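Undergrad: Pasting the sequence and the predicted model now:
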Amino acid sequence: MFRPIITGLVVWVLVSPAWAGQGCHHAGYGHYHGYGHPMGVPQARAQRPNAVEADAGFIEAGERLYQANCSLCHGERGLGNGPAARGLPVRPANLVAGVPWRSDGELASVIAQGRAPMPAWKGTLSERQIREVVSYLRVLAGEARKE
């Protein structure tokens, strides 16, 4: 009586995208895209640390860049609730929740390459500016969690 149910469940587990490494890595934080790493970031790039030590000036520069380029969609405090978020086909990421789980290299790669509907910022922002934004995101996520 239970054999078909158990067999079906075993087959589902074996072919399920999540178990096969092709599905959602963590609900709401990205998907595997054949790179073996969440959000489609090559493993070597994801593990790359921030190349510059984040001092106050670096973080302030990141804040200015974030407010000018990212807050429209992600919101002033990174909650994914910016004024333009309503009109997008996919809700912008809640950075406060997602940033702590991501490496600096992963965040920099996603900012540089974009992720629909977010545009690629490579070419608009320099590698240093992208790293400044990553440093600010770390502060933003840390400050928001303390509130």
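TA: Received, thanks.
Undergrad: So residue 76 sits against residue 82, correct?
TA: Yes: between residue 76 and residue 82 there is a contact at 7.3 Å, judged by C-beta atoms under 8 Å. Bear in mind the C-beta positions are built from the backbone N, C-alpha and C, glycine included.
Undergrad: Look at those two and report which has more neighbours.
TA: Comparing residue 76 with residue 82 by other C-beta atoms under 10 Å, the one with more neighbours is residue 82, at 18 against 14.
Undergrad: residues of the lengthiest helix in the chain that come out buried?
TA: Taking DSSP state H as the criterion, the chain has its longest helix at helix 127-146. Across helix 127-146, burial judged by 16 or more other C-beta atoms under 10 Å covers 129-141, 144.
Undergrad: Closest to residue 107 out of these?
TA: Nearest to residue 107 among the buried residues of helix 127-146 is residue 134, at 4.7 Å by C-beta to C-beta.
Undergrad: check contacts around the closest one.
TA: 50, 62, 104, 107-108, 111 (C-beta atoms under 8 Å, 6 or more residues apart in numbering).
Undergrad: Between the two ends of stretch 115-134, what distance do you get?
TA: Using C-alpha to C-alpha, to the nearest Å, the span of stretch 115-134 from its first residue to its last is 16 Å.
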